[in-house]
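[1] Everything below, folded, please.
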Amino acid sequence: MYTKKVFNTSVFEGHLIPIVCSNVEFSKNSVIDNKTGIEVKLNKVSYEILLLCDGKKSIHDISTIMSNKYNIKNSKAFNDTINFLLEVNSKHFLDFKVDKKLNIFSKLISHIKVLKYDKRYDLKGRSFPNVLYKMLVIVFKRFSFYWLPSEMLMILIIIFANINNFSNISFLNNIFLYVNIGYIGIFSSIAIHECIHVYLYRKIVDKDMGFMAKKGFSMAFYHPNKSKSPIMQKLMGGLIVGLIGCFSVWIINVLNLKHSSPFFVFFLCYALHLVNLFPFWGDGKEICKILLYRHVIK
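    Residues are numbered from 1 along each chain as shown. You can find the predicted model right below:
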């Protein structure tokens, strides 16, 4: 593993504290993920940086130590250190947390910085209810940060759009209802979708392998790339959730509740998961890769 300047950095990112993920081990020569079997080679400097990722030192602290040890400029040590750590984070070997000692403003900015980086979640067991519960907690916890700001923005828009018409309280209530139901539909459908992936993989292929990770605005299940990994495991997440949504939307239409029931919005979020099976997107793209790989091997 090596460092190269490929990420934009700032002073607030220096306050982040890197932590090596559980189920990840490293030595002088390499770092290995016990949940996927992925192994990456390390050089001496990379190994020394990882040793300093003890959950107490910030990126600024680590870069200062490396600067003093190798007698290089602080700015260069900082850039090399942070870019290496961000590269390791992109491989899900470490996560970042915010220093509790920061003032409120710096904490807020640092939390926003953390959101754009990957976050790993190691799930134990293969019981469907257990995995589903943990997945719901993960999804709601990670994406609820976007919920409050969007609601505040919505309030401002509604107020300015209806500044002379505050008597229309029912209109405001409906807006809040449908937006919040939409959020719940998005979050819960993502949790169920990913839970199906984890459950099927561990039931069919490996009992306790793989982990969940947040990457940008999406969630993904990372596991060992084995040739016996079934297409069913890739297919069923979007298919089951999408069919639940489509069937529910159809029932609502039959009962003529489309324009009066927030359940239409809720289950529409589920139905949209069928888009994930298109060959140029998400699971559909992965299925096409598996089929193409099998065809080429044969």
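[2] In a strand, residue 19, correct?
    Yes: assessed by DSSP: H, G, I helix; E, B strand; the rest coil, residue 19 belongs to a strand.
[3] pLDDT score assigned to the nearest residue to it once chain neighbours are set aside?
    Nearest residue to residue 19 in three dimensions, chain neighbours excluded: residue 55, at 4.5 Å (Cβ to Cβ, 6 or more residues apart in numbering). C-beta: built from backbone N, CA, C; applies to glycine. Here the pLDDT value assigned to residue 55 is 87.
[4] ditto for residue 245
    Reported pLDDT for residue 245: 94.
[5] Work out for me the element it sits within.
    Residue 245 is located in helix 231-254, with elements delineated by DSSP states H and E.
[6] Go through that helix and flag the buried ones.
    Neighbour-count burial for helix 231-254, counted by 16 or more other Cβ atoms under 10 Å, picks out 233-239, 241-242, 244-246, 248-249, 252.
[7] next helix or strand past that helix?
    Following helix 231-254 toward the C-terminus (DSSP H and E): helix 263-271.
[8] Could you list the low-confidence segments of the stretch 51-200 of the chain?
    Along the stretch 51-200 of the chain, segments meeting pLDDT under 70 span 154-155, 157-173.
[9] try it again with 80
    Across the stretch 51-200 of the chain, residues meeting the criterion (pLDDT under 80) sit at 99-115, 125-126, 141-177.
[10] all helices in the stretch 1-150 of the chain, in order from the N-terminus.
    44-51, 59-70, 74-90, 104-115, 128-143, 147-161 (DSSP state H, counting those that start in this stretch).
[11] Just the C-alphas of the longest one, formatted as CSV.
    So the one you mean is helix 74-90. This file holds the C-alpha atoms of helix 74-90, laid out as CSV (Å, rounded to 0.1, in the frame of the first residue of the first chain):
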residue,chain,number,x,y,z
ASN,A,74,4.5,19.4,8.6
SER,A,75,2.4,20.2,5.5
LYS,A,76,3.9,17.3,3.5
ALA,A,77,3.6,14.9,6.5
PHE,A,78,-0.1,15.9,6.9
ASN,A,79,-0.9,15.5,3.2
ASP,A,80,0.8,12.1,3.0
THR,A,81,-0.8,10.9,6.2
ILE,A,82,-4.3,11.9,5.5
ASN,A,83,-4.3,10.7,2.0
PHE,A,84,-3.0,7.3,3.1
LEU,A,85,-5.6,7.1,5.8
LEU,A,86,-8.4,8.0,3.4
GLU,A,87,-7.2,5.4,1.0
VAL,A,88,-7.3,2.8,3.8
ASN,A,89,-10.8,4.0,4.7
SER,A,90,-11.9,3.4,1.1
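[12] Looks like residue 15 contacts residue 100 (just checking).
    No: contact between residue 15 and residue 100 fails when scored by Cβ atoms under 8 Å: they sit 10.5 Å apart.
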